[in-house]
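A.B. asks: Structure, please.
(one chain, ligands or ions: 2)
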Amino acid sequence: MLPQPSLSLLPRFCAFLPFATMSSKTSTFLLQQPLNYRAGARIQPVDGSHSEEVYEPATGRVMGKFLFSGEKEVDLAVQSAKAAFKIWSQKSGMERSRVLLEAARIIRERREEIATMETINNGKSIFEARVDIDISWQCLEYYAGLAGAIAGQHIQLPGGSFAYTRREALGVCVGIGAWNYPFQIACWKSAPALACGNAMIYKPSPLTPISVVMLAEIFTQAGVPNGLFNVVQGGAATGQFLCQHRDVAKVSFTGSVPTGIKIMEMSAKGIKPVTLELGGKSPLIIFSDSILENAVNGALMANFLTQGEVCCNGTRVFVQREILEAFTEEVVKHTQKIKIGDPLLEDTRMGALISHPHLERVLGFITQAKEQGAKVLCGGEPYVPDDPKLKNGYYMRPCVLGDCRDDMTCVKEEIFGPVMSILPFDTEEEVLERANNTTFGLAGGVFTRDIQRAHRVVAALQAGMCFINNYNISPVELPFGGYKMSGFGRENGQAAMEYYSQLKTVCVEMGDVESVF
Ligand SMILES: NC(=O)C1=CN([C@@H]2O[C@H](COP(=O)(O)OP(=O)(O)OC[C@H]3O[C@@H](n4cnc5c(N)ncnc54)[C@H](O)[C@@H]3O)[C@@H](O)[C@H]2O)C=CC1
Ligand SMILES: C[N+](C)(C)CCCC(=O)O
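C.D. replies: Numbering: from 1, shown residues only. Ligands and ions are numbered 1, 2, ... in the order given. Okay, here's the model as predicted:
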């Protein structure tokens, strides 16, 4: 058993201590600081249901324990956010912009340290974690730019009277995140929320509780009022206390469809607006006139980032029959070459999955696929790296499945792991029908050199985020979100500003009041 940090001995205030000081090597990090953040400082929650362990996916090692916050702690976080909201919402957009720009600058400065922590807690490669952190500071910069542009309308009425509209903040918003992009999801939610003048309480996934507290420290250092961005740790029960709190104005959730349904039900009781970023089973359609190399690279990007644990992945790869063989051969060749292993090494391109149960679940999908008649063309089994310290990590070889049919479980359900299913098709009409035959609608992609077909196909796809001749790139300027059961509301782009603000109309009389009575 590893030595556990004693929670009671931890200092109440230890902001700005560099996190990954001990070393940025796998198997060395120990959790030593509290992970709740309230009123500008790391704190131990005042109450909690129980403690849970935090694992390092690369080694299977326990890095420490933390307490799941209870109702009292949630209420204290809401009260502190309410107080900060009073100050922050009165600032001009330009004042908020300057603070967000400073936060973006600090993230850039601490990029390596944050990316390292993300890799240690999530298991993704350091190469990818750096990209995630870059997208995160870009998100803050983008919304800093929009903060000063928030404005209303002026509307003339008869007799010199007029009206104007004000775009106002909502109040205390709750963000609840998944474990696949811990820091980035927190930025995608907090940047537009804070730009619009809101306060936010963020609850990360209990599997990845660490990096978001660094974001909280950075916001404080950048100059947000204490309490404007608080972090509460926990699982479903803590999330419920947040969603049900009467002083919470909005909930923005990233996670699975079943939890999304519960969030919406809870929010309905308080008529709270929600943004839901849920799962997917997105189609990637490859026509025979595509540039093969680009299509193959697109399919790899659509399936294997973050060990395949990406909601918008294009996991149903429809390939036009004429090029099925050539495409399959190339995609398998490239998949077999993916370097798996210690996620903190520079040349690793696939690290460890998030947890042992999740790895088992993903492998279970592959077993089931074989039983249902799919052929494993490569990978699909656990991978044990040579390095002895990694032998209990949650690794697997990325998998390509051939001979797939639309009715197989691996083609219908979200696997959330490195598993690509290849499905042949003949005509555009047929593939569109099959591509849309799902309850999900997060993303979709098409590879073709026929410009008209490309636009016709994306227009017909029932999905919120579509790619032509690429996949899974994520500039923050682009609105992102789902159709159908993949959710609603949008993150990123100008669109997100509407989901974190409300419109007030002010009607102004310039003459005398003519009463009808
Ligand atoms: N559309 C998107 O942007 C993304 C969607 N996802 C989806 O998330 C799933 C994987 O993430 P998980 O963390 O396993 O999902 P999850 O739905 O189990 O948990 C997500 C978050 O909700 C919290 N939670 C769980 N039950 C709750 C409840 N009753 N009330 C309030 N909060 C609750 C969890 O603690 C966690 O923070 C996949 O299905 C994936 O598709 C993941 C990343 C991005
Ligand atoms: C960054 N990107 C586009 C690869 C994935 C973002 C959505 C998610 O959180 O899964």
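A.B. asks: Next up, phi/psi of the one residue in the stretch 1-150 of the chain that gets nearest to ligand 1, please.
C.D. replies: The stretch 1-150 of the chain approaches ligand 1 most closely through residue 68 (9.4 Å), counting by Cβ to the nearest ligand atom. Just so you know, the C-beta spots here come from the backbone N, C-alpha and C atoms, and that holds for glycine as well. Taking degrees, to the nearest 10, you get phi -80, psi 120 for the backbone angles of residue 68.
A.B. asks: got a pLDDT number for it?
C.D. replies: pLDDT recorded at residue 68 is 98.
A.B. asks: need the contact list for it.
C.D. replies: With contacts defined as Cβ atoms under 8 Å, 6 or more residues apart in numbering, residue 68 is in contact with 48, 49, 50, 51, 52, 206, 233, 234, 235, 237, 238.
A.B. asks: Which pair of the residues you listed spans the longest distance?
C.D. replies: With Cβ to Cβ as the measure, no two of the contacts of residue 68 lie farther apart than 51 and 237, at 13.7 Å.
A.B. asks: Neighbour count: those two, which is higher?
C.D. replies: The neighbour comparison of residue 51 against residue 237 (other Cβ atoms under 10 Å) goes to residue 237, with 16 against 12.
A.B. asks: Name the SS class of the more buried one, please.
C.D. replies: On the three-state scheme (DSSP: H, G, I helix; E, B strand; the rest coil), residue 237 is labelled helix.
A.B. asks: was I right about it contacting residue 50?
C.D. replies: No: Residue 237 is beyond contact range of residue 50, at 9.7 Å (criterion: Cβ atoms under 8 Å).
A.B. asks: List the contacts of the most centrally placed residue in the chain.
C.D. replies: The centroid of the chain falls nearest to residue 185 when counting by Cα atoms, centre = their mean (3.7 Å). For residue 185, the contact set (Cβ under 8 Å, 6+ apart) comprises 175, 177, 178, 254.
A.B. asks: residue contacts, the first one?
C.D. replies: Which is residue 175. So residue 175 contacts 185, 186, 189, 190, 193, 200, 201, 202, 203, 252, 253 (Cβ under 8 Å, 6+ apart).
A.B. asks: Ramachandran angles for the third one?
C.D. replies: Which is residue 189. Dihedral angles (degrees, to the nearest 10) for residue 189: phi -90, psi -50.
A.B. asks: could I get the contacts of residue 175 as JSON lines with secondary structure?
C.D. replies: Shown next, in JSON lines, are the contacts of residue 175 (three-state DSSP):
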{"residue": "185", "secondary structure": "helix"}
{"residue": "186", "secondary structure": "helix"}
{"residue": "189", "secondary structure": "helix"}
{"residue": "190", "secondary structure": "helix"}
{"residue": "193", "secondary structure": "helix"}
{"residue": "200", "secondary structure": "strand"}
{"residue": "201", "secondary structure": "strand"}
{"residue": "202", "secondary structure": "strand"}
{"residue": "203", "secondary structure": "strand"}
{"residue": "252", "secondary structure": "strand"}
{"residue": "253", "secondary structure": "strand"}
